[in-house]
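**Q** The sequence and its predicted three-dimensional model are supplied below.
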Amino acid sequence: MMFNWLSLVTGLFYIVLGVVVILYKFFFTVLEPNIAYVLGGLLIIYGIFRIYRALTKIKKSGDE
């Protein structure tokens, strides 16, 4: 159960990280704008996926 909540927090972290990468165009090094948009978008999509997966597992464990 704790893993599901940790996945929610991790998903939020990935979304915030993706927004930061897009806004500041920096991820351990200065990025070209096109690379920053792609990397930021991927991070946001992965964060949404993590949150969705955690919510479905939480809902499934609540039904049992």
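**A** Okay, I see it. Residues are numbered from 1 along each chain as shown.
**Q** For the chain, give me the ranges with low pLDDT.
**A** Across the chain, residues meeting the criterion (pLDDT under 70) sit at 64.
**Q** quick check: longest helix of this structure.
**A** Of all the segments assigned as helix in the chain under DSSP state H, the longest by residue count is helix 33-63.
**Q** and the residue nearest the centre of the chain, what is it in contact with?
**A** Nearest to the mean C-alpha position of the chain, counting by C-alpha atoms, centre = their mean, stands Gly47 at 1.9 Å. Counting by C-beta atoms under 8 Å, 6 or more residues apart in numbering, Gly47 touches Thr10, Gly11, Leu12, Phe13, Tyr14, Ile15, Val16, Leu17, Gly18. Bear in mind the C-beta positions are built from the backbone N, C-alpha and C, glycine included.
**Q** in terms of contact, does the last one touch Val38 like I think?
**A** No - look at Gly18 against Val38 with C-beta atoms under 8 Å: they stay out of range, at 10.5 Å.
**Q** who's more crowded, these two?
**A** Gly18 (23 against 14; other C-beta atoms under 10 Å).
**Q** which residue sits closest to that one, ignoring its sequence neighbours?
**A** Closest residue to Gly18 in three dimensions, ignoring its sequence neighbours and counting by C-beta to C-beta, 6 or more residues apart in numbering: Leu43, at 3.2 Å.
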